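Student: Here is my input, please return the structure:
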Amino acid sequence: MAGEPQADCLFCKIVTGDVPATVVRETATTLAFRDINPQAPTHVLVIPKVHYPDAAALAAAEPGIAADLLREAGQVAADEKADAHGYRIVFNTGAGAGQTVFHAHAHVLGGRGLQWPPG
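Tutor: Numbers count the residues shown, from 1 in each chain. From the prediction side, this is the model:
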């Protein structure tokens, strides 16, 4: 059920502590941790503690938590000093867009040039 922890979800297991992660920030509603396959010097994932398959589903069901996630993504960028030269917040939605874990999450990327379109 949406919003409830999923036994087969990697990010739900990180939230419960069953799978380790390098946590950089935590609030009552979000958790931020370093990506295990970083694509930039700063690459942190920010997730809601509740389970929704993607950002759109999260925003539709729990807009307050979606706002928390975005606010925390900005704070991660500031904490990591990525905001000094620019950073990107990315939500991949669906396998065709590169989403591999179907638990809503934002990628905070920075610390290098981020050209457009992404390559």
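
Student: what pairs with the lengthiest strand in the chain, and is each one parallel or antiparallel?
Tutor: Longest strand of the chain, by residue count under DSSP state E: strand 42-48. Strand 42-48 has its sheet partners listed here by DSSP bridges as strand 30-34 (antiparallel), strand 106-110 (antiparallel).

Student: Need the winner for burial among those strands.
Tutor: strand 106-110 (a mean of 24; mean count of other Cβ atoms under 10 Å). Every residue, glycine included, has its C-beta placed from N, CA and C.

Student: Put the alpha carbons of that strand into PDB.
Tutor: C-alpha atoms of strand 106-110 as PDB (Å, rounded to 0.1, in the frame of the first residue of the first chain):
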ATOM      1  CA  ALA A 106      15.700  13.300  -5.400                       C
ATOM      2  CA  HIS A 107      19.300  13.300  -6.600                       C
ATOM      3  CA  VAL A 108      21.300  16.400  -5.500                       C
ATOM      4  CA  LEU A 109      24.200  16.800  -7.900                       C
ATOM      5  CA  GLY A 110      26.900  19.400  -7.800                       C
END
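
Student: where does the chain have low pLDDT?
Tutor: 1, 119 (pLDDT under 70).

Student: Could you pull out the buried residues of the longest helix along the chain?
Tutor: Counting residues, the longest helix found in the chain (DSSP state H) is helix 63-79. Buried residues in helix 63-79, counted by 16 or more other Cβ atoms under 10 Å: Ile65, Ala66, Asp68, Leu69, Leu70, Glu72, Ala73, Gln75, Val76, Ala77, Asp79.
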